[in-house]
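Enquirer: Got a sequence here, can you model it:
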Amino acid sequence: MAITINIYYTGTDGSARKFAEEMVSTGVVKTIREEAGNLKYDYFFPMDDAETVLLIDSWENQEAIDLHHASPMMGKIMKLRKKYDLHMRVERYITDDGGIPQADKEFIRK
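Expert: Below you'll find the model as predicted:
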C-alpha cells in the first residue's frame, strides 16, 4: 500500500517555480529520492496556472513518511517554503493494491 501526496505550492511572481528549481539545484530532491521508502518525488507545472507547482510525492507506507518528516530535509524544505512565501494545498491518496480493473485497462494506450 503506497501513499501518494499531491502538494500544490502556490506563490507569486514565479516563486513556486523558483522554489522547485532550488530544491533540485541544491540536491534536496536527490537526497529525498534516496531516502528509504521514497517511491516518487517529482514536480509538475500546471499549464493553466503559472503560479503553482505540483509535487507528486509517493512513499511505501506511513512509517517512511514519518521518517522523512523527522529528517533534516524537512527543515530545509520548510526554510525554502518560507523564503518563497508559498502556500499549500494537499491531497493524500492510498494505492489500491487490487491494481487497475480490467474494464479500465482497455482505455490505456501503451
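Enquirer: pull the CA atoms of the lowest-mean-pLDDT helix or strand in the chain into PDB?
Expert: Every helix and strand of the chain was ranked by mean pLDDT, DSSP states H and E. The lowest is helix 102-105, at a mean of 88. Taking Å, rounded to 0.1, in the frame of the first residue of the first chain, the C-alpha atoms of helix 102-105 are listed here in PDB:
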ATOM      1  CA  GLN A 102      -9.600  -4.900 -16.500                       C
ATOM      2  CA  ALA A 103     -12.500  -2.800 -17.600                       C
ATOM      3  CA  ASP A 104     -10.400   0.400 -17.200                       C
ATOM      4  CA  LYS A 105      -7.300  -1.100 -18.800                       C
END
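Enquirer: pLDDT of stretch 9-16, averaged?
Expert: For stretch 9-16, mean pLDDT rounds to 98.
Enquirer: how long is it from one end to the other?
Expert: Stretch 9-16 has its terminal residues 6 Å apart, counting by CA to CA, to the nearest Å.
Enquirer: who touches that stretch?
Expert: Here stretch 9-16 makes contact (CB atoms under 8 Å, 6 or more residues apart in numbering) with 19-20, 49-55, 81, 84-89. Quick note: C-beta positions are derived from backbone N, CA and C, even for glycine.
Enquirer: cool, and stretch 40-51?
Expert: Identification of contacts with stretch 40-51 by CB under 8 Å, 6+ apart yields 4, 10-12, 14-17, 20, 23-24, 29, 32-33, 52-58.
Enquirer: For residue 35, see how far away residue 70 is.
Expert: Applying CB to CB, to the nearest Å, the value for residue 70 to residue 35 is 11 Å.
Enquirer: And the helices in the protein, which stretches?
Expert: Listed in chain order, the helices of the chain (DSSP state H) span 15-25, 28-33, 62-69, 72-83, 102-105.
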